[in-house]
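*Asks:* Using only what follows, build the 3D model:
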Amino acid sequence: MSVAEVRAVLERHGLAARRDLGQNFLVDPSVAERLVTHAGVEPGDLVIEIGPGLGLLTRALAARAARVVAIEVDAGLVRALREEGVLPPNVELQHADALTVDVAAIAREAGRPARVVANLPYAISSLLLRALLDARDVLVDWSVMLQREVALRVQAAPGTRDYGSLAVLHHLCVRASRGIDLAPHCFFPAPRVSSRFFRLTPRSDSPLAPGELERVERVARAAFGQRRKTLANALRGGLGGTLPTARIDAAIAGLGLDPRVRAEVLAPESFVALARALEPEPEPTDARRGGA
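*Replies:* Residues are numbered from 1 along each chain as shown. Coordinates of the predicted model:
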């Protein structure tokens, strides 16, 4: 699908790329094939595609997978895709907001390996990335297209400028591929920034206990909420309304951490230890112990 063909489809249906939805349509079929290969799509898979756009990547996914569920929020694009008739029979097109779709439920009901492939607009990228972490137990993996600056924040190592709570959560839950960088000319309209497509695979050796991610997230967000402050001061400011200062100071001391250190130098596992020290699991009640 060339730039001219994209323009023609949009004109036929009275559409234009919407900046508010971060619409930049992939225009190179060879790039689409590379992305499908990088995503590891196999013949028996269900692929849940978020943001099919004009369907170039959707068709490449459908040629490799058993079934594709494509979720598109833009009613105009949904109408155009249906009227153009370009989607293969094994593609189910849904008009829905990906932020409200239960991806995990679709994966569970599929009865086959499920992957996600997503082109995430900047405005909702962090929200969708976080939601995919919650679905990690039922997904084989997920591959995402992001602005390169957001991708760097996901993949960042401790001690680097881009390292923050988003990286901490991802390091604890998944392993990320280096990915493929795409120049602006791969899209129409050409964005002002480069993009990166990379694959995230759930860790079988994650240090997190079941249900623990939210507690670690709360601590990590507090620690990074005021990056110029020391760890102790950042946690006091971010958690002080719910935890007494004495407990925060005791947790830091108990782990042998320097209270003057800053969050960006801590390994992801340190945030797990902090969460456990700051918010220990509640003791079971008598009823839960089986007592009277």
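
*Asks:* quick one: the strands in the stretch 101-250 of the chain?
*Replies:* 114-119, 141-147, 174-176, 180-182, 187-188, 195-202 (DSSP state E, counting those that start in this stretch).

*Asks:* possible to save the ones you listed as JSON lines with mean neighbour count and distance to residue 73?
*Replies:* No exception for glycine: its C-beta is placed from N, CA and C like everyone else's. Output for these, formatted as JSON lines (neighbours: other CB atoms under 10 Å; distance: least, CB to CB, whole Å):
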{"stretch": "strand 114-119", "mean neighbour count": "24", "distance to residue 73": "12"}
{"stretch": "strand 141-147", "mean neighbour count": "24", "distance to residue 73": "16"}
{"stretch": "strand 174-176", "mean neighbour count": "17", "distance to residue 73": "25"}
{"stretch": "strand 180-182", "mean neighbour count": "17", "distance to residue 73": "22"}
{"stretch": "strand 187-188", "mean neighbour count": "22", "distance to residue 73": "18"}
{"stretch": "strand 195-202", "mean neighbour count": "21", "distance to residue 73": "19"}
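
*Asks:* could the ones you listed go into a markdown table alongside mean pLDDT?
*Replies:* A markdown table is the format used below for the strands of the stretch 101-250 of the chain (pLDDT from 0 to 100):
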| stretch | mean pLDDT |
| --- | --- |
| strand 114-119 | 96 |
| strand 141-147 | 97 |
| strand 174-176 | 97 |
| strand 180-182 | 97 |
| strand 187-188 | 94 |
| strand 195-202 | 97 |
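
*Asks:* Minimum distance to residue 99: which of those strands has it?
*Replies:* Counting by CB to CB, residue 99 lies closest to strand 114-119 out of those; the figure is 11.7 Å.

*Asks:* strand partners of that closest one, parallel vs antiparallel please.
*Replies:* Counting by DSSP bridges, the strands paired with strand 114-119 are strand 46-50 (parallel), strand 141-147 (parallel).

*Asks:* Out of those, which is closest to residue 187?
*Replies:* Of all these, strand 141-147 sits nearest to residue 187, with 9.6 Å by CB to CB.

*Asks:* Touching that closest one from outside, list them.
*Replies:* Strand 141-147 has contacts (CB atoms under 8 Å, 6 or more residues apart in numbering) with 35, 38-40, 115-120, 122, 125, 129, 132, 154, 182, 191, 193-202.

*Asks:* Next: stretch 169-177.
*Replies:* The contact list for stretch 169-177 (CB under 8 Å, 6+ apart) reads 38, 129-130, 133, 136, 154-155, 198-203, 206-208, 213, 216-217, 220, 268-269, 271-272.

*Asks:* Weed out the non-buried ones from those residues.
*Replies:* Among those, the ones that count as buried by 16 or more other CB atoms under 10 Å are 38, 129, 133, 136, 154-155, 198-202, 206, 208, 213, 216-217, 220, 268, 271-272.

*Asks:* Which ones among these lie within helices?
*Replies:* The helices in this structure, assigned by DSSP state H, contain 38, 129, 133, 154-155, 213, 216-217, 220, 268, 271-272 from the buried ones among the contacts of stretch 169-177.

*Asks:* can you redo those as JSON lines with distance to residue 173?
*Replies:* As requested, those are exported to JSON lines (distance: CB to CB, whole Å):
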{"residue": "38", "distance to residue 173": "20"}
{"residue": "129", "distance to residue 173": "10"}
{"residue": "133", "distance to residue 173": "5"}
{"residue": "154", "distance to residue 173": "11"}
{"residue": "155", "distance to residue 173": "13"}
{"residue": "213", "distance to residue 173": "7"}
{"residue": "216", "distance to residue 173": "10"}
{"residue": "217", "distance to residue 173": "10"}
{"residue": "220", "distance to residue 173": "12"}
{"residue": "268", "distance to residue 173": "9"}
{"residue": "271", "distance to residue 173": "12"}
{"residue": "272", "distance to residue 173": "11"}
